[in-house]
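> Build me a model:
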Amino acid sequence: MRWINIKPGRGAQFALMLMPFVLLIIAYAFGSAARLSENANDKLLPTLSGFSQAIERMAFIADQRTGEYLFWSDTWASLIRLFAGLGISTATALLIGMLIGMLPYLRALLAPFIAVVSMVPPLALLPILFIVMGLGETSKIALIVIGVAPTMIRDLALKALDLPREQVVKAETLGGSSWQIALRVVLPQILPRLIICLKLQLGPAWLFLIAAEAISSESGLGYRIFLVRRYLAMDVIFPYVVWITLLAVLTNYVLDRIRVAVFPWSELEKQG
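Numbers count the residues shown, from 1 in each chain. Have a look, this model is predicted:
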């Protein structure tokens, strides 16, 4: 029997999924114990109990200066910026990507420009955004849009181009206008891909958000991480990083459930 034909059962698959995370936690616990045995005041690898104390302090005890629960206020501030940027990017990518994929003249006009813009390192534009738009929320949201929208536009345009030409010809034969073809033929078939694009851009979007918050912000998960780093507060930094990862994983899961629920046939396409 060949290895490529051996598939794990549900229990084995679940155990294999958990194994890397368990090994990572065990390795961290041993590393932390080794460092603390040499120096009880070491801050680089806090104990797991130290993490729980930091989480309790940040999430369940109000800040004496502001009266806010910093963990949750930081989370709320970051999520507002993130979803605003992703929302604008999604709407922009859907409109422009579909038009580029459908209309040859618009494709000749915009496709090369979008391709070049997508190659510009977004973080290199951050100082320009701060100068032009100021240090407020607009520049942070704009960085996310600039970072993820061009890639989403190109992906959706390619998806629209890959649709079978026969479908468009049949729609034209039945008297469909360009507007009707866009709404009834192209749009339903690229919407599942739009959700997949959005899932793939969650990581970059968080990266751009954290970079912007670290440079200029008064709240947010990225702001808090870079604020406490000067005190080597790894007991705060690690939980914040894990929390950001969990938020991204949860968002990814929700988007996938939405895609399967709204477009069940896309799951069959994916498996096929």
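
> is it true that Ala214 touches Val228?
No. Checked against Cβ atoms under 8 Å, the pair Ala214 and Val228 is beyond contact range at 11.6 Å. Any C-beta I mention is one placed from the backbone N, CA and C, and that applies to glycine too.

> In terms of helices and strands, where is Ile258?
Ile258 is part of helix 234-262, with elements assigned from DSSP states H and E.

> Going by neighbour count, which residues of that helix are buried?
Going by neighbour count (16 or more other Cβ atoms under 10 Å), the buried part of helix 234-262 is 234-240, 243-244, 247-248, 251, 259.

> Reformat these as CSV; add distance to Asn41 and pLDDT.
Listed next are those as CSV, based on distance: Cβ to Cβ, whole Å; pLDDT from 0 to 100:
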residue, distance to Asn41, pLDDT
Met234, 13, 91
Asp235, 13, 91
Val236, 17, 93
Ile237, 17, 94
Phe238, 18, 94
Pro239, 20, 94
Tyr240, 22, 96
Trp243, 26, 96
Ile244, 28, 96
Leu247, 32, 97
Ala248, 33, 96
Thr251, 38, 96
Arg259, 49, 92
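
> so where's the chain shaky on pLDDT?
1, 268-272 (pLDDT under 70).

> Name the residue closest to the centre of it, please.
Leu202 (1.0 Å; Cα atoms, centre = their mean).

> who's in contact with the closest residue in space to it that isn't next to it in sequence?
Of all residues not flanking Leu202 in the chain, Ala248 sits nearest, at 5.1 Å (Cβ to Cβ, 6 or more residues apart in numbering). By Cβ atoms under 8 Å, 6 or more residues apart in numbering, the residues touching Ala248 are 202-203, 206.

> Equivalent analysis for Lys159, please.
Lys159 is in contact with 97, 101, 189-190, 193, counting by Cβ under 8 Å, 6+ apart.
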